[in-house]
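Participant: Test case, fold it:
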Amino acid sequence: MRQLKSYLALTLAASLCMTTAFGCSDDAANKIVLDDDFYNDVPGEDNGNAGNGSGGHGNGGHEYVPKDEGWEVVLVPAMVTDVEVANKGLANLRVQLVSIVDDETLSEGVADQSVEWGIENDSTLVSVRPSQTFTDENGIANVSVVAGAVEGNATVIASNERAPKPVKFNIAVGPIPTGNMRVIASYSGYAPVRNYSIRLYDKKEVDCSLFDATHLPTAEPLMTVDSPYATFQNLSIEGNYSAVAYGYAENGAMVALGCTITGTKIIEDQTSEVYVPMKTIDLDPTTTYHVRSYFDFGDIVSSLGSVGKMISMITNFASNPGGTLFDILWNDIIVTAIDQALPSAISWGLTKIIELSGLDNTVANWLNGYIKENSTACKIGLFGCQLRNIVRTMELTGDLSIEKLGDLELKGTNAYSGLSVYWRIGCENSPDPNCGRYHYSMESLNLGTQVNVLEGSWKGSLSNGYDRIAIESHDLAMYYGRLVTFLINNVLLPRIANGATNFNDAIANWINCSSMAKWLDENIYIDVYLWKWEGISYATGLSWCKSLSSTLGSVLNFASSMATLQKLNSNVSISGSGLMKDSSLDNVVDIIDNGRWNGSMTLTTKNDDGSTTTTSTAVMGIWSAYNKKNDGYCTYEKTASDSDDQLCAFPPIDTSALVTGGLCDEYAKCAK
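Facilitator: Predicted coordinates for the structure are as follows:
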């Protein structure tokens, strides 16, 4: 007779011996002996059913192969098989599926196998839920048995299609003393808990001392109530239970968790009250993100010295182009011509002549109309508008790395390797916030290797203990002058001056000298009392107009100002905040948005006499980021203007919230 080692059977029985109601019995009937009697005890021969090899146990029945054909696994009880349950009470049944290496050797439990549960003779004294469970990593499968109100005996049968025989549990339903348990979830953290779920487990299934968010229960709960409080009734006084409370955010993410520290004993005919303290499940921000920061440097023009004066003249030109050109055209051309033509006999002088003729108003009014009506000249005003935006705002893109140092402490690094520019002409009616956005890598700008990546390291914390980042003040080497100079010469001017890369060429492109010379010939004359002046001929006006571009360039000192701007030293000191979001419901941060920056930029400029001047300007900004590893989840689809290494588009940001617009709209229309 083939024998499996009996000590293995005894050890298996001893190690698995558990019960919901009374603990483990020493009775030999509860021990598993895998000998010939085990194999030959085919179900159906001892339960009142036909002994034909077919199980008569409802849903658990199947046909068993003879022993000589061999078996790979056996199904054995993982607790005593005689179980008492109170009326309307419940119990938990456990079995284990164990593999057999050969006829004399048992191996480990078999995981992920189906176990069918049924009730012999379809008895209605008890019910099982669910009717099918699966073995865990140790080969253990369990099910809850719920008793009805009628006393009696029933048999629950567990089976597996690969095992030679099922396991039977004898359930005695009777008036076992019971009590109730009221569970109240207690939470005072910062996570946005909107919904609760309380689940009751047998303490043998869930040990709260080993419990955390990374080791959630895999066993089926005995009862579940979706509420912050629950009363579980008719629990056996012999039972020992654990209550687990789950807290969920509105989007379904689990954000809080709690478990009773010790198993709770039930007192007969009483309700035991248990408070379950819940703790926040921390979001994990430790990873690298794609980050986009949009900076507004405020009134930076007043802090740029001679460069600022040049920019002020151009931006003033944008708001009053006729007045700016009038200063140059009137003083350098027309007034000089009148003065030279004025007879010495006229005693009241040049000022009186101009006052009486009203010529100054005529010229100013014409220039204001000319600059807005002439599509070429309008580009001068458009340049001033766009220049104002470029020197005031700047968007940087790159990587944000975050590391968690403790419960609340963070550290991180911003490494910006890209520069994005917005050219919004033609986007007036587009709902896309990325319309007109052009992206450049820092390396492609050829501004020097030290400008390829702009870095700033920082320390921070979770300001509300959960999902809001507070970033302490830190420095960012901006290289502001080089970046702005590149944008002016390579982005702004070519787009509004037919490819020009310097200011003088742009002015020559913008001014329509033929139109201006014709107007001068037809409108510039004086007829005051006895003195008449025929004005400026077309040929003279054309000659003067051609020199106007160099005159305007000299007055604005654009070329030298760009050289000074490129050498400008700058340093940005900023602090900020952001809101972390777990959109994929795995407690890992997917997106950081609602980001804000606040701080200042220090600028050092070199004066004409060789001295230096240090000034500062306020800096504000908005930013957003998304998890680079999140290749399976994109809230925002990548667009053509995004860099090649991106998986998702950046969360949108409202640039108009920083720089008020409207001034450029009129010029954008007339410059088309």
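
Participant: lowest average confidence, helix or strand, in the chain?
Facilitator: For the chain, counting by mean pLDDT, DSSP states H and E, helix 6-16 ranks last in confidence among helices and strands (a mean of 36).

Participant: residue ranges of the strands in the stretch 301-450 of the chain, please?
Facilitator: Counting by DSSP state E, counting those that start in this stretch, the stretch 301-450 of the chain has strands at residues 393-404, 409-422, 437-441.

Participant: What of the stretch 101-250 of the chain?
Facilitator: Here the stretch 101-250 of the chain has its strands, by DSSP E, counting those that start in this stretch, at 105-109, 114-119, 126-129, 132-134, 140-147, 152-159, 167-174, 178-186, 195-202, 223-225, 229-236, 240-248.

Participant: Adding mean neighbour count, distance to residue 533 and mean pLDDT as columns, could you present the ones you listed in CSV?
Facilitator: Where you see a C-beta, it was placed from the backbone N, CA and C, and this is true even at glycine. Written out in CSV, the entries for these read as follows (neighbours: other C-beta atoms under 10 Å; distance: least, C-beta to C-beta, whole Å; pLDDT from 0 to 100):
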stretch, mean neighbour count, distance to residue 533, mean pLDDT
strand 105-109, 15, 112, 73
strand 114-119, 22, 109, 95
strand 126-129, 18, 108, 89
strand 132-134, 16, 105, 93
strand 140-147, 22, 110, 91
strand 152-159, 21, 117, 95
strand 167-174, 20, 121, 93
strand 178-186, 19, 95, 92
strand 195-202, 21, 88, 93
strand 223-225, 16, 100, 93
strand 229-236, 19, 98, 90
strand 240-248, 24, 87, 91
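
Participant: Let's have the ones you listed in JSON lines, adding distance to residue 525.
Facilitator: Listed next are the strands of the stretch 101-250 of the chain as JSON lines, based on distance: least, C-beta to C-beta, whole Å:
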{"stretch": "strand 105-109", "distance to residue 525": "109"}
{"stretch": "strand 114-119", "distance to residue 525": "105"}
{"stretch": "strand 126-129", "distance to residue 525": "105"}
{"stretch": "strand 132-134", "distance to residue 525": "102"}
{"stretch": "strand 140-147", "distance to residue 525": "106"}
{"stretch": "strand 152-159", "distance to residue 525": "113"}
{"stretch": "strand 167-174", "distance to residue 525": "117"}
{"stretch": "strand 178-186", "distance to residue 525": "92"}
{"stretch": "strand 195-202", "distance to residue 525": "85"}
{"stretch": "strand 223-225", "distance to residue 525": "97"}
{"stretch": "strand 229-236", "distance to residue 525": "95"}
{"stretch": "strand 240-248", "distance to residue 525": "84"}
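
Participant: of these, which approaches residue 81 most closely?
Facilitator: Closest to residue 81 of the strands of the stretch 101-250 of the chain is strand 167-174 (C-beta to C-beta; 5.1 Å).

Participant: Could you give the average pLDDT over stretch 582-600?
Facilitator: Averaged across stretch 582-600, pLDDT comes to 87.

Participant: follow-up on the earlier one: need the strands of the stretch 301-450 of the chain in TSV with mean pLDDT, can you?
Facilitator: Written out in TSV, the entries for those read as follows (pLDDT from 0 to 100):
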stretch	mean pLDDT
strand 393-404	90
strand 409-422	89
strand 437-441	81
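
Participant: For the residue nearest to residue 153 when sequence neighbours are not counted, give me its contacts.
Facilitator: Take residue 153 and drop its neighbours on the chain: the residue closest to it by C-beta to C-beta, 6 or more residues apart in numbering is residue 172, 5.4 Å away. For residue 172, the set of contacting residues under the criterion of C-beta atoms under 8 Å, 6 or more residues apart in numbering consists of 82, 83, 84, 85, 153.

Participant: Swap in 10 Å and give it another go.
Facilitator: With contacts defined as C-beta atoms under 10 Å, 6 or more residues apart in numbering, residue 172 is in contact with 21, 82, 83, 84, 85, 125, 147, 151, 152, 153, 154.
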